[in-house]
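> okay, predicted coordinates and the sequence, questions at the end:
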Amino acid sequence: MAAAALVVLAAALAGAKVQCPTPSNLRPANSTRICAQLYTDNSPYYDQCCGGSALVVYPGSDVPYMPHGWVTAVSSLVVGTRCELTVWSRAGKKGKSRSFGAGTMPRLQEVWWGLFGNWNNAIRGFYCQCR
C-alpha cells in the first residue's frame with residue numbers, strides 16, 4: 001500500500017510544472033525587494049524551467065565566490081525589475097563577464113560567451129544592483 005502511494009507521489013512530482021517568475025514577482029511575502037533569483041534546474045521545455053534549488057540575491061549583493069553547493073550549479077535565472085546582475089566565469093570576479101538586465105533567462109545554456117562556451121553551470125561570482 002505504501003509503495004503504491006510512493007509511486008503515485010513520484011509520478012505527480014515528475015509531472016509537476018515549474019515556471020519562472022516574472023521580474024515584477026520577485027518579492028517574498030514581507031515585500032522585501034529581491035534583485036535576482038538563481039536556479040539549479042532548467043528543462044528543454046521553457047514552462048518547466050527555474051526549478052530545483054533557488055538562491056535569492058538581494059540588491060547590493062557582491063559575491064566574488066559562490067556559496068557552497070552553488071559552484072557549477074546555476075542553470076536559469078530571473079533578474080528583478082530595474083535591476084542588473086553581473087556574473088563572472090571564474091572565482092574572484094575574474095574571467096568572462098556578462099550583465100543581465102531585468103528579465104527571465106530560463107536556459108543559460110542558450111547564452112553564449114564565445115564560439116564554444118555558454119553560461120550554463122558557469123557562474124562563479126556575481127554582483128547585483130537595483131535602481
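Nice, I can see it.
> quick one: the residue sitting nearest the centre point of the chain and residue 77, what's the gap?
For the chain, the residue nearest the mean C-alpha position is residue 38 (2.2 Å; C-alpha atoms, centre = their mean). In this view, residue 38 and residue 77 are 5 Å apart by C-beta to C-beta, to the nearest Å. The way it works is simple: take the backbone N, C-alpha and C, and place the C-beta from them, glycine included.
> next: residue 84.
Taken as C-beta to C-beta, the span from residue 84 to residue 77 is 12 Å.
> overlap in contacts, those two.
Taking C-beta atoms under 8 Å, 6 or more residues apart in numbering as the criterion, residue 84 and residue 77 both touch residue 100.
> which of those two has more neighbours?
A direct count of neighbours by other C-beta atoms under 10 Å for residue 84 and residue 77 places residue 77 higher, at 28 against 17.
> list the contacts of that one.
Applying C-beta under 8 Å, 6+ apart, we find residue 77 in contact with 36-39, 85, 100, 104-105, 108.
> hmm, 6 Å instead?
Residues counted as contacts of residue 77 (C-beta atoms under 6 Å, 6 or more residues apart in numbering) are 36, 38, 105.
> same question for residue 96.
Applying C-beta under 6 Å, 6+ apart, one finds that residue 96 lies in contact with 89, 113.
> repeat that for residue 26.
Contact analysis of residue 26 by C-beta under 6 Å, 6+ apart lists 34, 80.
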